[in-house]
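In: I'll drop the sequence and a predicted model, then ask my questions.
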Amino acid sequence: MADQNGNPLIRARNLVKRFGELVAVDAIDFDLQRGEAFGFLGPNGAGKTSTMRMIGCVSPVTDGTLSVFGLDPARDGAKIRARLGVVPQQDTLDMDLTVRENIIIYGRYFGLSRKQLGIRADELLEFVELTERANDKVEPLSGGMKRRLTIARSLINDPEVMLLDEPTTGLDPQARHVVWDRLYRLKRQGVTLLLTTHYMDEAEQLCDRLVVMDKGKIVAEGSPRELIGRYSTREVVELRFDDSRPDDFGYWTEGLVSRVESLPDRVLLYTDDGDAASHGLHERGLVPESVLVRRSTLEDVFLHLTGRTLIE
Amino acid sequence: MSNYLLALRPFEFFFMQYKRVWRGTAITSVVTPIVYLLALGVGLGVFVDRSADLPDGISYLEFVAPGLMAATAMQLATFESSWPVLSAIKWDRQYHAMLATPLRVRDVLLGHQSFVAARLLVTSTVYLVVITAFGAVESPLGILAIPVAALVGLSFSAPIAAWAAHTQTEVSFVAIFRFVILPMFLFSGTFFPITSLPAPLELIAYLTPLWHGVTLCRELTLGEVELWSGLLHLGYLLAFTAVGLALARMTYRRRLVV
Ligand SMILES: Nc1ncnc2c1ncn2[C@@H]1O[C@H](COP(=O)(O)OP(=O)(O)OP(=O)(O)O)[C@@H](O)[C@H]1O
Ligand SMILES: [Mg+2]
């Protein structure tokens, strides 16, 4: 779905961000449609945050064009920001105010009345399950609670689009699932989600469509399923060795698999039938310390596209 | 007009934050003038008044009290625009929260400085009440020393905020207090007329905004203000504040919009 003029909600063409000599975002193109959950997946320094900050109208575009809600960030930054909900990579909560006060003052920045905000803040605290902590200071909250508070705060202006920069980095698995669940509910309510992540499972869980970024460039785009179909095989065999790791895998795997990736700690064999491949290796007399057959993930897509793993 | 109203939102934030600590600062702002006036105006003043070469036969208490009022505003303002500004940029990052909303850099700067101005007005009011109680205020014109002292504060807080938004670490703040604020406190006419200084230092003292502020506050509480020299002092303080704000707008932009 597009806006009244038939344009996408966010559109970038040849978008560039430079910091002095360094090119953080290198001429990327993408469109975001209303109601979508769209992800930027990429390793450290890929340019995810730089992109999000340009969309959030807090960082000027160096080159190329960017339009958000059909508006120009350079001219209408304030108007655009009024319609966004931002969860920055680094928290910007006030440590001395209480949980509830943090939400209320943030709403005041949008010019909402205190009366409205009181009701809305309580609903949002309920939504992220922080009602019990409403009157506690922020400082002693756990990382996951702070992240949930930042999410609640970003919803105070009923944003049309949420910009989530690594919403779950540093959280334990349980806390991550809580965040995922909330984001999923927002998506169902029609909020458009734009998120960055290092986690392929997060991208697979939340994103309808994603781009893989590396060194400032978009190296692939599609739905998680499409990307896996296009850049990987159905299954992967992971081999680990003690000290007797052979160097010539081409020889051992000849005719058994379609591709081999050799990583420092393990060897990945790409094939549509993992069991058959591992069986074949066994027959040829290769005996690793452990063998694991699993489905391909976005991690494998990334590895294929860049030759590197997502999380170093 | 509505352009300036947006600054009320950051103002409200700093006010909310302040509500958590106001009791401590309220006590400080009452106790500080009392201690200074007891020690300097009353204690030291007895000796000074015996040697009696202050102009127009005023007591040392009357001489020093308005000076202290202006100097206190300077110190408060310098503090409020150093660590809190850098923190809002770098440690607690509250400015970044504001800038993700419809607020703009200038709203953030003006909001923070208006909060400092409000603090200065309140503290200076308390100061004036205390020195009046000590009998150090001769003229009803003294009430104008409140906004003047606040303006002295702003003539420091604006350029200091500009510096704080530029610097990477807080180490320079301690140096500013030690090598700029403290010498000014001692040598800008608060404790003795700057005519007693060696000529080059006297010239420097004339250039400090504090001297203009001290002099004007003193003329007001003594009721001996002259229109033209008064306007000159005021103009000097306003110019410092305006230049400081312009610089701050530049360094805030450079630091926050990247
Ligand atoms: N303010 C800045 N000044 C200079 N260089 C910067 C600035 N912000 C980012 N960079 C550089 O731009 C590049 C991209 O950084 P960015 O933060 O966008 O990456 P990222 O994909 O978000 O990485 P991460 O996963 O670590 O958050 C990096 O090389 C980074 O050092
Ligand atoms: Mg980042």
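Out: Nice, thanks for sending it over. Ligands and ions are numbered 1, 2, ... in the order given.
In: from memory B:Leu61 sits against B:Gly45, does it?
Out: Yes - B:Leu61 is within contact range of B:Gly45, at 4.9 Å (criterion: C-beta atoms under 8 Å). (Glycine included, C-beta is placed from N, CA and C.)
In: run through the residues that contact whichever residue of the stretch 201-312 of chain A sits closest to chain B.
Out: Of all residues in the stretch 201-312 of chain A, A:Gly216 sits closest to chain B, at 16.2 Å by C-beta to the nearest C-beta. By C-beta atoms under 8 Å, 6 or more residues apart in numbering or on different chains, the contact set of A:Gly216 is A:Lys17, A:Val23, A:Ala24, A:Val25, A:Asp26, A:Ile28, A:Ala46, A:Gly47.
In: what's the per-residue pLDDT of it here?
Out: A:Gly216 is assigned a predicted lDDT (pLDDT) of 97.
In: in three-state terms, label the residue lying closest to it once chain neighbours are set aside for me.
Out: Leaving aside its sequence neighbours, A:Gly216 sits nearest to A:Asp26 (C-beta to C-beta, 6 or more residues apart in numbering or on different chains; 3.5 Å). Under DSSP: H, G, I helix; E, B strand; the rest coil, A:Asp26 falls in the strand class.
In: contact partners for B:Glu226?
Out: Counting by C-beta under 8 Å, 6+ apart, the residues that B:Glu226 touches are B:Glu219.
In: any idea how far the closest residue to ligand 1 within the stretch 151-258 of chain B is from ligand 2?
Out: For the stretch 151-258 of chain B, the residue closest to ligand 1 is B:Val258, as judged by C-beta to the nearest ligand atom, at 4.5 Å. Computed as C-beta to the ion, to the nearest Å, the B:Val258 to ligand 2 distance reads 14 Å.
In: doesn't A:Ser59 make contact with that residue?
Out: Yes - look at B:Val258 against A:Ser59 with C-beta under 8 Å: they come within range, at 6.2 Å.
In: what about the two, which has more around it?
Out: A:Ser59 (21 against 12; other C-beta atoms under 10 Å in any protein chain shown).
In: wait, a helix at that one?
Out: No - assigned with three-state DSSP, A:Ser59 falls outside any helix and is coil.
In: tell me the contacts of it?
Out: A:Ser59 makes contact with A:Lys17, A:Ser50, A:Arg53, B:Val257, B:Val258 under the criterion C-beta under 8 Å, 6+ apart.
In: check which helix or strand covers B:Pro84.
Out: Assigned by DSSP states H and E, B:Pro84 falls within helix B:83-86.
In: hmm, the next helix or strand along the chain from that helix touching ligand 1?
Out: Scanning forward in sequence from helix B:83-86 by DSSP H and E, the next helix or strand is helix B:94-99. No - using C-beta under 6 Å from any ligand atom, helix B:94-99 never reaches ligand 1; the gap is at least 12.0 Å.
In: need the residues that contact helix B:94-99.
Out: Counting by C-beta under 8 Å, 6+ apart, A:58, A:88, A:92-94, A:106, A:109, B:9-10, B:13, B:87-89, B:105, B:107-108, B:111, B:256 sit against helix B:94-99.
In: any idea how far the closest residue to ligand 1 within the stretch 1-150 of chain B lies from B:Val105?
Out: Nearest residue of the stretch 1-150 of chain B to ligand 1, counting by C-beta to the nearest ligand atom: B:His96, 12.0 Å away. Taking C-beta to C-beta, to the nearest Å as the measure, B:His96 falls 11 Å from B:Val105.
In: between those two, what contacts are shared?
Out: Taking C-beta under 8 Å, 6+ apart as the criterion, B:His96 and B:Val105 both touch B:Leu256.
In: now the end-to-end length of stretch A:15-23.
Out: Using C-alpha to C-alpha, to the nearest Å, one end of stretch A:15-23 lies 11 Å from the other.
In: in that stretch, which residues are buried?
Out: Neighbour counts over stretch A:15-23 (16 or more other C-beta atoms under 10 Å in any protein chain shown) mark A:Leu15, A:Val16, A:Lys17, A:Val23 as buried.
In: redo these as a markdown table? Include distance to ligand 2, pLDDT and secondary structure.
Out: A markdown table is the format used below for the buried residues of stretch A:15-23 (distance: C-beta to the ion, whole Å; pLDDT from 0 to 100; DSSP: H, G, I helix; E, B strand; the rest coil):
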| residue | distance to ligand 2 | pLDDT | secondary structure |
| --- | --- | --- | --- |
| A:Leu15 | 16 | 98 | strand |
| A:Val16 | 17 | 98 | strand |
| A:Lys17 | 12 | 98 | strand |
| A:Val23 | 16 | 98 | strand |
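In: for chain B, state which of these is nearest.
Out: Distances from chain B to these, taken by C-beta to the nearest C-beta, are shortest for A:Lys17, at 9.7 Å.
In: look up the closest residue to that closest one, ignoring the ones flanking it.
Out: A:Lys17 sits nearest to A:Val25 (C-beta to C-beta, 6+ apart), 3.9 Å away.
In: so where is the chain shaky, pLDDT-wise?
Out: By default, I'm working from chain A. A:1-6, A:310-312 (pLDDT under 70).
In: not quite, I wanted chain B
Out: B:1-2, B:52-53, B:55.
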